[in-house]
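**Q** Fold the stuff below for me.
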Amino acid sequence: MPDKKKKYYQISSLEKGIRVLELLADRKSLTVTEVAGGLETHRAAAHRFLATLRDLGYVEKNEEKKYELTFKMFEIGQQVAGRIEIRQTARRYMQEMSKAFKETVNLGFWNGVDILHLDKIDSSEILRIDAAIGYRTPAYCTALGKAILAHFPKDQLNEYLRHTRLVPHGPNTIVSKKLLRQELQRTHDRGYAVDDEELAPGLRCVAAPVFDHTGEAKYALSISCPSMRLPMADIENVQLKIRKVCQELSSRLGYQPVKV
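**A** A predicted model of the protein is given here:
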């Protein structure tokens, strides 16, 4: 029998708000009175929950004046499902990179603000520098981020730069938006990105974009390691393998390059 004792950290209003979503998911559409009955609360409280969820875009009223879920719930579910799928799909390509370089391999995702680290394979070396799964890093000073930003449409990149303050993280962080644009153009032209101690001192990374079936570069794969183990002179050879793996993964995700 489940423990009914209320835990000290539980927020009752949040719990009931989520219960409203579960009720609507199960019953499709409900009146305020029906929601109140499902929550075992009074009608006024149920109305406040529904009004708040409506303002946030999670529920709406249909023609019968009943409340039902919007596609926002579906969109969230699709985003989560997509992240799980990409981790499973990308794993063998990451293993291929790990075997080739013996360095940490990272899978990054553009979450609309910064780079979310979805998965990684740690280096077998004792000395390594890497970010944990679930960690977020700025896009403008990471190889993962620059590989993705380089393929933004002009309007999207302008919007990103308009709302992003470039602050130094490592000794070589690019803090000029003009210089960052130039760097992203070079990244786009050559097909790979480099983080040369831009995120942190002593860290060097190389990344390439991964395109999905829509043609968007939503993901990227990178290797990261102490800069002393990856001289700049070696990057040209390293990027060839990374780009090849990312092209194969993109193809697996349904990406078809536009033929000129």
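**Q** Now do the strands in the protein.
**A** 29-30, 59-61, 67-69, 104-110, 115-121, 136-137, 193-196, 203-211, 217-226 (DSSP state E).
**Q** Let me have the ones you listed in TSV, extended by mean pLDDT.
**A** Shown next, in TSV, are those (pLDDT from 0 to 100):
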stretch	mean pLDDT
strand 29-30	88
strand 59-61	90
strand 67-69	90
strand 104-110	95
strand 115-121	93
strand 136-137	92
strand 193-196	97
strand 203-211	97
strand 217-226	96
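**Q** Just put the ones you listed in JSON lines and tack on distance to L53.
**A** Bear in mind the C-beta positions are built from the backbone N, C-alpha and C, glycine included. Below are the strands of the chain laid out as JSON lines (distance: least, Cβ to Cβ, whole Å):
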{"stretch": "strand 29-30", "distance to L53": "12"}
{"stretch": "strand 59-61", "distance to L53": "4"}
{"stretch": "strand 67-69", "distance to L53": "8"}
{"stretch": "strand 104-110", "distance to L53": "27"}
{"stretch": "strand 115-121", "distance to L53": "26"}
{"stretch": "strand 136-137", "distance to L53": "27"}
{"stretch": "strand 193-196", "distance to L53": "40"}
{"stretch": "strand 203-211", "distance to L53": "35"}
{"stretch": "strand 217-226", "distance to L53": "28"}
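**Q** Rebuild these as TSV, extending it with mean neighbour count and distance to V167.
**A** Putting the strands of the chain into TSV (neighbours: other Cβ atoms under 10 Å; distance: least, Cβ to Cβ, whole Å) gives the following:
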stretch	mean neighbour count	distance to V167
strand 29-30	18	48
strand 59-61	18	39
strand 67-69	20	40
strand 104-110	25	19
strand 115-121	21	16
strand 136-137	17	13
strand 193-196	24	15
strand 203-211	27	17
strand 217-226	24	21
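**Q** Could you point out which of those strands sits nearest H47?
**A** Of all those, it is strand 67-69 that lies closest to H47, at 9.8 Å by Cβ to Cβ.
**Q** Sheet partners, orientation included, of that closest one?
**A** strand 29-30 (antiparallel), strand 59-61 (antiparallel) (DSSP bridges).
**Q** ok, now which ones touch G134?
**A** 116-117 (Cβ atoms under 8 Å, 6 or more residues apart in numbering).
**Q** meant to ask about L118, not that
**A** So L118 contacts 83, 86-87, 107-109, 133, 219 (Cβ under 8 Å, 6+ apart).
**Q** and what of Y67?
**A** 24, 29-32, 35, 50, 54, 59-61.
**Q** Kindly state the beta-bridge partners for the residue found closest to T70 once you drop the neighbours it is linked to in the chain.
**A** Excluding the flanking residues, the one nearest T70 by Cβ to Cβ, 6 or more residues apart in numbering is E60, at 5.2 Å. Residues found in beta-bridge contact with E60 (criterion: DSSP bridges) are E68.
**Q** do S222 as well
**A** Beta-bridge partners, per DSSP bridges, of S222: N106, A207.
**Q** Tell me where the model's unsure across this structure.
**A** 1-6, 8-10, 78-84, 130, 259-260 (pLDDT under 70).
**Q** Determine the longest helix present in it.
**A** helix 71-101 (DSSP state H).
**Q** Quick one: list the elements packing against that one.
**A** Using 3 or more Cβ pairs under 8 Å, 6 or more residues apart in numbering; DSSP states H and E as the contact test, the elements touching helix 71-101 are strand 104-110, strand 115-121, strand 217-226, helix 235-252.
**Q** of these, which approaches E198 most closely?
**A** strand 217-226 (11.8 Å).
**Q** Would you format the strands paired with strand 67-69 as a markdown table with distance to A208 included?
**A** Listed next are the strands paired with strand 67-69 as a markdown table, based on distance: least, Cβ to Cβ, whole Å:
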| stretch | distance to A208 |
| --- | --- |
| strand 29-30 | 46 |
| strand 59-61 | 41 |
